[in-house]
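Engineer: Quick check, what structure comes out for this input:
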Amino acid sequence: MESKELNRREFIKNISVVGGSGLLFTTFPWLESFASSNQEAIKGEKARIAIIGTGSRGQFHIQNLLNVVHAEIVAICDNYQPNLDLAAALCPKAKKYTDYRDVLQSKDVQGILIATPLHVHSIITIAGLKAGKHVFCEKSMARTVEQCKEMYDAYKQTGKVLFIGHQRMFDPKYLKALEMVHSGAIGEIVGLRNFWFRNNDWRRVVPSPSLERKINWRLYKDSSGGLMTELGTHQIQMGTWALKSLPDYILGSGDLMYWKDGREVYDNVQVIYHYPNGVKLTFESIISNKFYGMGEEILGDKGTIELDKGKLFFEEIKPAPGIQQLVNQIEHKIFDVVPVAGPSWVPETASENKGENIVDLMHEEKGGKNIDTSDDGSKALVSAFCDSVITGKAVPNLVEEAYYASVLSLLGLQAMDEKRIITFPEELKIPYLYNA
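Structural biologist: Below you'll find the predicted structure:
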């Protein structure tokens, strides 16, 4: 127990901005649950949690919750028996349910964690909030923009806690990187580039044809937004976080080009989000080529941050000595292609700047102490949820960031489906980042 509490203190130390933890909570207010005063309030308490949806993601959260000292999994629920059995093996003391409505009637349950298919997120979340439960719902928030707004409104009306599964907001690499962005380390933001490439069919084994849509729900439009809601939501959220602004219009293109196996969702997408100051955020995803993997880049006029790799690159680096430059030119045979009279145009190539590891910079700031980067923020996220279940206090800005990420991903999908430019609807704006 002592070591786990120490880890929580180290989490704050590792990402503290200049000026200390007070400024940290101003910069990232959703981290307030890690404040020492809050930790004193939950001392000796346990959040009684029910897991609704015990597939792969639900089991992932179970594994994390089992290592949270102030969490107790009291119930598990799934209407697919094989998944329920797997979860029961992880937490055998938890009561088993097959209907979420029965879970909501249990007085032993304080908070619910929803890891179901997307199309039932809003139904269970709203029912949970109205039943007096605190709710953690996986991202994306919902299948439609209208459902996202209904979830947000229910959260505000009930006064209960709502968390959405955006773990990057608790990832030390991302927190440190965004601190650098907002402090002006890379200058003025001039662009954001995001991509997520895989090479697999996204299918899961189905024991019976009757279970196809239940198990492979990600492949069908009535239950999934495909690449936009499953992958894009994470990366699109970087726009509102970095720019503290909303895009004014969106355009995109999506196709079902490669995996022609009866699925309905696109297997490749490209979207552009245009912001009022002229900055553009792009998102591209293909699931028939994985060479470039995943990338999240914030481009400034003085530097670039690769969020996924935790790398910082400054635009200007110390040039090589003159003789070494000449040797490099000869080795690369550039004289073979440049006219003797002098070039009128020389192609620019990508910088060979190796950059600096943000984690290394954090390491130096902390006097050489080890920095734990094995967690992507998921453990801290569910731990913070349990804090809020115990105290009953919502955390600022987390739901709002998640709301806009989900809505923007769905508006991008709408732009593809309707093959037109989509402007951000006034009726979907909430009192956060309102820049209209």
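
Engineer: Which residues does the longest strand anywhere in the chain contact?
Structural biologist: For the chain, the strand that runs over the most residues, judged by DSSP state E, is strand 189-197. When contacts are defined by C-beta atoms under 8 Å, 6 or more residues apart in numbering, strand 189-197 is touched by residues 181, 227, 231-232, 235-236, 238-239, 242-243, 279-287, 289-301. For every residue, glycine as well, the C-beta is placed using N, CA and C.

Engineer: Any of the residues you listed buried? List them.
Structural biologist: For the contacts of strand 189-197, a burial check counting by 16 or more other C-beta atoms under 10 Å picks out 181, 227, 231-232, 235-236, 238-239, 242-243, 279, 281-287, 294-300.

Engineer: In helices, which of these fall?
Structural biologist: Secondary structure from DSSP state H places V181, L227, Q235, I236, M238, G239, A242, L243 of the buried ones among the contacts of strand 189-197 in helices.

Engineer: Contact partners for the last one?
Structural biologist: Read that as L243. Contacts of L243 by C-beta under 8 Å, 6+ apart are I189, L192, Y275, N277, V279, L281.

Engineer: Let's have the residues you listed in CSV, adding distance to Y404.
Structural biologist: Formatted as CSV, these follow (distance: C-beta to C-beta, whole Å):
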residue, distance to Y404
I189, 17
L192, 14
Y275, 13
N277, 17
V279, 16
L281, 12
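
Engineer: Of the residues you listed, which is the nearest to E427?
Structural biologist: Y275 (20.1 Å; C-beta to C-beta).

Engineer: dump the residue contacts of the closest one.
Structural biologist: Counting by C-beta under 8 Å, 6+ apart, Y275 has contacts G239, L243, S245, L246, P247, D248, L281.

Engineer: where does the residue nearest to I286 when sequence neighbours are not counted fall, phi/psi-wise?
Structural biologist: Nearest residue to I286, sequence neighbours excluded (C-beta to C-beta, 6 or more residues apart in numbering): N268, at 4.5 Å. The phi and psi torsions at N268 (degrees, to the nearest 10) take the values phi -150, psi 130.

Engineer: surely N268 meets W259?
Structural biologist: No - taking contacts as C-beta atoms under 8 Å, N268 lies outside contact range of W259: 9.5 Å.

Engineer: and the nearest residue to K221 once chain neighbours are set aside, helix, strand or coil?
Structural biologist: Closest residue to K221 apart from its sequence neighbours, by C-beta to C-beta, 6+ apart: E264 at 4.6 Å. Look at E264: counting by DSSP: H, G, I helix; E, B strand; the rest coil, its state is coil.

Engineer: Just list whatever residues bridge to the residue nearest to I286.
Structural biologist: D255, I286 (DSSP bridges).

Engineer: Just list the residues touching it, thanks.
Structural biologist: Contacts of N268 (C-beta under 8 Å, 6+ apart): L227, G254, D255, M257, Y258, S285, I286, I287, S288.

Engineer: And for the fifth one, the neighbour number?
Structural biologist: Applying other C-beta atoms under 10 Å, we find 14 other residues in the vicinity of Y258.
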